[in-house]
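Enquirer: Kindly generate the corresponding structure for this input.
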Amino acid sequence: MTTPLLQAKQLSKSYHLRGDHSIQALVDVDMELQQGSWLTITGPSGSGKSTLLALLAGLDRPSSGEVLLNGQNISQANDVRLAHYRKEKIGIIFQEYQLFEELSSMENVAMPLVVTNMTAKQRQEKAMDLLKTVGLSHRAEHLPRQLSGGERQRVAVARALVHDPEIIFADEPTSNIDKQAADKVMELFYSFKDNGKSLIVVSHSERLADAADTRIFMESGRIVP
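Expert: Have a look, this model is predicted:
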């Protein structure tokens, strides 16, 4: 049997509030992602979708349970190993873009490559190639405030792809953009998957859910049938 690319086992997350109070955001979640597949996580607001995404992406640590990448437990990895995982293995597309407002589109896309051995010229060339891929080479020198919401999202997609990750994580990637821009993002996701890569997408969008190989529904911190 093929080992899943990414797997969650009995994954739970609680957040402590004042005093003895806490919130259980995730409860004993089991899920897996196969190489080259697309998984969409759906469910109402507050159901634990973004918490699960953050744990799978190594942006947060679980209260209990494991996240396995190719069978290796990354949830208990030290900060250096987690940084390597985020730098080498994954790309993340945030709902609010999280672009650097003082940097151009090209500089934003190239930012993840600063920690590599690439020269400034090589980083610029790679960033321009990705901007061409997302149809924004003509916006390379524009700042985020000079771009539309759809253009900012495509810059964020290009940034997530710039280091050729194995897995793309996307949190509501089409929620703040119009249909035309959403169509372009969908095309990019299909292309990414066609190249043998994997996607985990959190979304309320039925289109993104229908496009996935697997869809899971969350409610009150649990995966439900």
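Enquirer: what about this structure, any weak spots by pLDDT?
Expert: 1 (pLDDT under 70).
Enquirer: Which residue ranges of it form helices?
Expert: With DSSP state H as the criterion, the chain has helices at 49-56, 79-88, 105-110, 120-133, 149-161, 179-194, 206-211.
Enquirer: residues in contact with the closest residue to Glu32 other than its chain neighbours?
Expert: Once flanking residues are discounted, Glu32 sits nearest to Pro4: 3.8 Å by Cβ to Cβ, 6 or more residues apart in numbering. For the C-beta atoms, the positions are set from N, CA and C on the backbone; glycine is no exception. Listed by Cβ atoms under 8 Å, 6 or more residues apart in numbering, the contact partners of Pro4 are Glu32, Leu33, Gln34, Leu68.
Enquirer: Surely His163 is in contact with Lys87?
Expert: Yes. At 7.0 Å, His163 counts as touching Lys87 under the criterion of Cβ atoms under 8 Å.
Enquirer: So which residue is dead centre in this protein?
Expert: By Cα atoms, centre = their mean, the chain has its centre lying nearest to Phe169, at 1.8 Å.
Enquirer: residues contacting it?
Expert: With contact set as Cβ under 8 Å, 6+ apart, Phe169 has these partners: Leu53, Leu56, Ala57, Ile90, Gly91, Ile92, Ile93, Leu199, Ile200, Val201.
Enquirer: and if you look at Glu96?
Expert: Counted by Cβ under 8 Å, 6+ apart, Glu96 has contacts Asn176.
Enquirer: what about it, distance to Asp171?
Expert: Separation of Glu96 from Asp171 (Cβ to Cβ, to the nearest Å) stands at 9 Å.
Enquirer: ok, Met218 - contacts?
Expert: Counting by Cβ under 8 Å, 6+ apart, Met218 has contacts Ile41, Thr42, Gly43, Ser47, Gly48, Lys49, Leu52, Val224.
Enquirer: Just the ones of the residues you listed in strands?
Expert: Ile41, Thr42, Val224 (DSSP state E).
Enquirer: tell me which of the residues you listed is nearest to Arg207?
Expert: The nearest member of those to Arg207, counting by Cβ to Cβ, is Thr42 at 11.5 Å.
Enquirer: what are the bridge partners for that closest one, then?
Expert: Thr42 has the following beta-bridge partners by DSSP bridges: Phe217.
Enquirer: That one: what's it in contact with?
Expert: By Cβ under 8 Å, 6+ apart, the contact set of Thr42 is Lys49, Val202, Ser203, His204, Ala209, Arg215, Ile216, Phe217, Met218.
Enquirer: Next: Ser203.
Expert: Taking Cβ under 8 Å, 6+ apart, one finds Thr40, Ile41, Thr42, Ala170, Glu172, Pro173, Thr174, Ser175, Ala209 in contact with Ser203.
Enquirer: so the fifth one makes contact with Val185?
Expert: No. Contact criterion Cβ under 8 Å: Glu172 and Val185 do not qualify, at 11.1 Å.
Enquirer: what's the span of stretch 77-93 from first residue to last?
Expert: Using Cα to Cα, to the nearest Å, the end-to-end distance of stretch 77-93 comes out at 23 Å.
Enquirer: Enumerate every residue touching the closest residue to Gly48 other than its chain neighbours.
Expert: In this structure, Gly48 finds its nearest non-sequential neighbour in Gly221, 4.1 Å apart by Cβ to Cβ, 6+ apart. Going by Cβ under 8 Å, 6+ apart, Gly221 touches Lys13, Gln24, Ala25, Leu26, Val27, Val29, Ser47, Gly48, Thr51.
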